[in-house]
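> Provided below for reference: sequence and predicted model.
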Amino acid sequence: MWKNGLIQSLKDPSLQVISSDIAVVIKDKYPKAKYHFLVLPKEDISSIFKLTRDHLPVLDELRLLATNVIEVSGEKEKNFKIGFHAIPSMTRLHLHVISKDFISPCLKTKKHWNSFTTKLFIDYDKLYEELEKTGSVKRIESTEAKDLENSPLKCNHCSFEAKTIPSLKDHLLSHLK
DNA sequence: GTTCTAGAAC
DNA sequence: GTTCTAGAAC
């Protein structure tokens, strides 16, 4: 089943970029930017919704590996987004580490775009705080999620709003240095 | 999560 | 006529 794809990838050492005793970094199979890594715990945590305060140290470790893999790539952390999808599709908790260029042939749909650039993307710090304060991560309302998935294609660098995905992709090229 | 493709949008 | 999106996938 495709939902278990990440767990399969986790087992394949050739896909591992870096790892520690408790977590592994792999490249996203369909990267949505120049750099797109996933940090997964070895512990069988299916998603953000299974997290408790007991997992805070695991999150700390995921975050450390995120910093490490950016360093190894020779890039600057400020040029990355680090966080979780509010509605994960695939099982096994995974932290996205993605460069803000969002230039990739695999970025094809409005849902892709909005999953990284709206509240459908939960920054690491925000999720960590919620877990610390409330002891769990709340599921987003499905009506709000639909609205976010279908919201206008706003550039993540400026006020530009694209009418189509291809025009957004053209526009993103203009932000390359 | 992706692929495929019908038909909407242009 | 071509580009682009969006829903089914048994």
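Right, received. Where do you want to start?
> which bits of chain A sit near DNA strand C?
Applying CB under 7 Å from any atom of the strand, we find that chain A lies next to DNA strand C at A:Thr109, A:Lys110, A:Asn150, A:Thr164, A:Ile165, A:Pro166, A:Ser167. All C-beta atoms are positioned from the backbone trio N, CA, C, and that covers glycine.
> Generate a ChimeraX selection restricted to the buried subset of those residues.
Selection of buried members from these for ChimeraX, criterion 16 or more other CB atoms under 10 Å:
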select /A:110
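> Can you pick out the ones from the residues of chain A next to DNA strand C that are in helices?
A:Lys110, A:Ile165, A:Pro166, A:Ser167 (DSSP state H).
> what sits against the second one?
The reference is to A:Ile165. Residues counted as contacts of A:Ile165 (CB atoms under 8 Å, 6 or more residues apart in numbering) are A:Leu107, A:Lys108, A:Thr109, A:Lys110, A:Trp113, A:Leu153.
> Could you rerun that using 7 Å?
A:Lys108, A:Thr109, A:Lys110 (CB atoms under 7 Å, 6 or more residues apart in numbering).
> A:Leu95: which of the residues of chain A next to DNA strand C is nearest?
Each of the residues of chain A next to DNA strand C was checked against A:Leu95 using CB to CB; the closest is A:Thr109, at 22.1 Å.
> Can you give me the distance of the residue nearest to the closest one when sequence neighbours are not counted to A:Phe80?
Using CB to CB, 6 or more residues apart in numbering and skipping residues adjacent in sequence, the residue nearest A:Thr109 is A:Ile165, 6.6 Å away. From A:Ile165 over to A:Phe80 the distance is 22 Å, taken as CB to CB, to the nearest Å.
> cool, and A:Leu131?
Applying CB to CB to A:Leu131 and A:Phe80 gives a distance of 21 Å.
> In terms of neighbours, single out the busier of these two.
A:Phe80 (23 against 18; other CB atoms under 10 Å).
> ok, longest helix in chain A?
helix A:56-72.
> Can you give me the buried ones in that one?
Buried positions in helix A:56-72, judged by neighbour count with 16+ other CB under 10 Å: A:Val58, A:Leu59, A:Glu61, A:Leu62, A:Arg63, A:Leu65, A:Ala66, A:Asn68, A:Val69, A:Ile70.
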